[in-house]
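**Q** Need coordinates for the below:
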Amino acid sequence: MSLTRPEVEKIAHLARLSIRDSEMPVYVSSLSSIVAFVDQLAKVDTGSIAPMAHPLVGQSQRLRPDQVTDVDRHEKYQANAPAVQAGLYVVPRVIE
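**A** Take a look at the predicted model:
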């Protein structure tokens with residue numbers, strides 16, 4: 001599938017992109033090739049392929065240990081607040 005210049009201009013408008021006239025042929029050909037590739041992928045029969053729950057079947061992913069590396073500074077931060085109660089910031093009521 002090949003995109004036309006007006007279609008690319010509409011896509012650029014929707015994406016809030018400013019494309020100069022000199023750049024337009026490059027965008028038309030690039031976007032056309034992307035759409036053609038997606039169309040090619042859509043034609044592949046994947047009906048007999050079972051969905052995977054995890055890409056590493058039978059393997060485990062190594063994760064780093066979950067360790068706290070930052071110190072608790074909430075008292076320092078709350079020292080500048082106009083009102084604090086029970087470790088929470090007290091703000092004026094907005095909705096009655």
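**Q** Mind listing residues that contact the worst-scoring helix or strand of the chain on mean pLDDT?
**A** Lowest on mean pLDDT, DSSP states H and E among the helices and strands of the chain sits helix 74-78, with a mean of 90. The contact list for helix 74-78 (CB atoms under 8 Å, 6 or more residues apart in numbering) reads Val84, Gly87, Tyr89. Where you see a C-beta, it was placed from the backbone N, CA and C, and this is true even at glycine.
**Q** among these, which are in helices?
**A** Taking DSSP state H, every one of these sits outside helices.
**Q** quick one: which of these is nearest to Ile19?
**A** Tyr89 (46.6 Å; CB to CB).
**Q** Okay, and the closest residue to that closest one other than its chain neighbours sits in which element?
**A** Nearest non-adjacent residue to Tyr89, counting by CB to CB, 6 or more residues apart in numbering: Ala81, 5.4 Å away. Using DSSP states H and E, Ala81 is not contained in any helix or strand.
**Q** Report the distance from stretch 4-16 to the chain centre.
**A** 22 Å (CA atoms, centre = their mean, to the nearest Å).
**Q** Output it as CSV, nothing but the C-alphas.
**A** Presented in CSV, the C-alpha positions along stretch 4-16 are these (Å, rounded to 0.1, in the frame of the first residue of the first chain):
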residue,chain,number,x,y,z
THR,A,4,-0.2,9.8,-1.0
ARG,A,5,1.1,13.2,-0.2
PRO,A,6,-2.3,14.5,1.1
GLU,A,7,-2.5,11.4,3.4
VAL,A,8,0.9,12.1,4.8
GLU,A,9,0.0,15.8,5.2
LYS,A,10,-3.1,14.7,7.2
ILE,A,11,-1.0,12.4,9.3
ALA,A,12,1.5,15.2,10.0
HIS,A,13,-1.3,17.5,10.9
LEU,A,14,-2.8,15.0,13.4
ALA,A,15,0.6,14.4,14.9
ARG,A,16,1.2,18.1,15.1
